[in-house]
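Trainee: need the 3D shape of this:
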Amino acid sequence: MSGFSESDVTDQSGKTFVVTGANSGLGFEITRVLAARRARVVMACRSKPKADAAIMRIRALNPGAELEFLAYDQSDLDSIRTAAETLSAGPVIDVLINNAGVMEFTLSQTKQGFEQHFGTNHLGSFAFTCLLLPKLAEASVPRVVITGSASHRTGVIDFDDLDNAGKGYGHSSRYANSKLANMLFLFELDQRLRAAGSPIIAIGSHPGLAITSLGREQRLLRSIVVPLAKLLRFNTAAMGAWPSLQAATSVVNPGGYYGPIGWNELKGPSGPSGRSPNAVDATIAQRLWDRSIKLTGVDVTPL
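Mentor: Here you go, the predicted structure:
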């Protein structure tokens, strides 16, 4: 089966990547590969001890790895603003990879009181990306990668119940809704960047069914889904990182979406992936963009 894999990532010398959630799972694998290709990688993570441990693991494989820790909590808009301010005052950023996300078994809220999936997976990546757009525009060929999921196909956007789970809570449906929001953000961001004549391109990716630390608190995932995924030879975390690496480093279509090209787009090497009609609904995407501005307080002028 042809397609993009780790071996297709070219030398990235002189480039700086920001990877959110870089200390474990897909984020760790993305960081490991980029560091091996001589990129400078800023690891935006909540836990410095976990990030330091990840850095040690990568440097054991590649002693010359250029890695930095950045304090970043995607469930806290204050932390996001501080992290964006730190990056904006530093060197040029070539690529932002929005990898961090949550899958929570029980209902919980972000620091600002949003339902955890919507607040972290969508609003967090929306705010961080938009705050960094001026900095990204300083690079010669800047990119933003937004991580979606095959589960976006079952998601819905209910504007009367976006951020507080007032109509009830189901962890799978709330996760799917947040992933659809990611896809709509990708669509609208791409449209606005093109209209503004920005050098930044937005690309989406998804890992298929990969065995990662996401959802590690869910008993069903731990006891049934993970063993089944191993039995059926679905993607490892390293393989699940391939679509993000393709989106971040390869020749891609602006606004494109990349994921596994194997069985039902759930495993195997990476290539162009399909998305649901709801993921490219211009009316919903624009309305979600406007609501996201109000909820986060992030100014996205001139987009």
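Trainee: just give the number of residues close to the closest residue to residue 174 other than its chain neighbours.
Mentor: Of all residues not flanking residue 174 in the chain, residue 117 sits nearest, at 4.4 Å (C-beta to C-beta, 6 or more residues apart in numbering). Yep, even glycine has a C-beta here, placed from its N, CA and C like the rest. Around residue 117 sit 29 other residues, with neighbours defined as other C-beta atoms under 10 Å.
Trainee: phi and psi next, for residue 117.
Mentor: In terms of degrees, to the nearest 10, the main-chain angles of residue 117 are phi -60, psi -50.
Trainee: just residue 79 next, same as before
Mentor: With angles defined as degrees, to the nearest 10, residue 79 sits at phi -60, psi -40.
Trainee: over to residue 40?
Mentor: The phi/psi pair for residue 40 (degrees, to the nearest 10) is phi -90, psi 130.
Trainee: which residues touch residue 270?
Mentor: If you count contacts by C-beta atoms under 8 Å, 6 or more residues apart in numbering, residue 270 has them with 3-5, 205, 242-243, 245-246, 258-261.
Trainee: follow-up on the earlier one: quick one, what contacts the residue nearest to residue 174?
Mentor: Applying C-beta under 8 Å, 6+ apart to residue 117 gives the contacts 102-104, 171, 174-175, 177-178.
Trainee: same check, this time on residue 201
Mentor: Contacts of residue 201 were listed using C-beta under 8 Å, 6+ apart, and they are 141-144, 190, 193, 252, 254-255.
Trainee: residue 285: which of the residues you listed is nearest?
Mentor: Each of the contacts of residue 201 was checked against residue 285 using C-beta to C-beta; the closest is residue 190, at 9.7 Å.
Trainee: for the closest one, phi and psi?
Mentor: Per-residue torsions, residue 190: phi -60, psi -40 (degrees, to the nearest 10).
Trainee: leaving out the residues flanking it, which one is nearest to it?
Mentor: That would be residue 255: by C-beta to C-beta, 6+ apart, it lies 3.6 Å from residue 190.
Trainee: could you do residue 275 as well?
Mentor: Among residues not flanking residue 275 along the chain, residue 257 sits closest, at 5.4 Å (C-beta to C-beta, 6+ apart).
Trainee: for the one you found, what are phi and psi?
Mentor: Comment: the main-chain dihedrals of residue 257 come out as phi -140, psi 130, following degrees, to the nearest 10.
Trainee: quick check: bridge partners of it?
Mentor: The partner list for residue 257 in beta bridges (DSSP bridges) reads residue 204.
Trainee: which residues touch it?
Mentor: For residue 257, the contact set (C-beta under 8 Å, 6+ apart) comprises 148, 183, 186, 203-206, 272-275.
Trainee: quick check, pLDDT for it.
Mentor: In this prediction, residue 257 carries a pLDDT score of 98.
Trainee: now swap in residue 219 and tell me
Mentor: Residue 219 carries a pLDDT score of 48 in this model.
Trainee: for residue 192, which non-adjacent residue is spatially closest?
Mentor: residue 303 (4.2 Å).
Trainee: hmm, that neighbour is touching residue 191, no?
Mentor: No - assessed by C-beta atoms under 8 Å, residue 303 is found out of contact with residue 191, at 9.4 Å.
Trainee: before we move on, the earlier item: against residue 103, how distant is the residue nearest to residue 174?
Mentor: Applying C-beta to C-beta, to the nearest Å, the value for residue 117 to residue 103 is 7 Å.
Trainee: what do those two both touch?
Mentor: Counting by C-beta under 8 Å, 6+ apart, the contacts common to residue 117 and residue 103 are 171, 175.
Trainee: on that earlier part again, so which of the contacts of residue 117 belong to helices?
Mentor: Among the contacts of residue 117, DSSP state H puts 171, 174-175, 177-178 in helices.
Trainee: that older thread, for the residue nearest to residue 174, give its distance to residue 164.
Mentor: The span separating residue 117 from residue 164 equals 12 Å under the rule C-beta to C-beta.
Trainee: again, but for residue 106
Mentor: In this structure, residue 106 lies at 15 Å from residue 164, with C-beta to C-beta as the measure.
Trainee: tell me which of those two has more neighbours.
Mentor: Residue environment comparison for residue 106 versus residue 164 gives the larger neighbour count to residue 164, 14 against 9, counting by other C-beta under 10 Å.
Trainee: read off the pLDDT value for that one.
Mentor: Per-residue confidence at residue 164 stands at 90 (pLDDT).
Trainee: tell me the phi and psi of residue 293?
Mentor: Dihedral angles for residue 293 - degrees, to the nearest 10 - are phi -60, psi -50.
Trainee: could you pull out the helices for the protein?
Mentor: Using DSSP H, helices in the chain cover 25-36, 48-61, 77-88, 116, 125-136, 171-195, 219-220, 226-231, 237-240, 242-249, 282-296.
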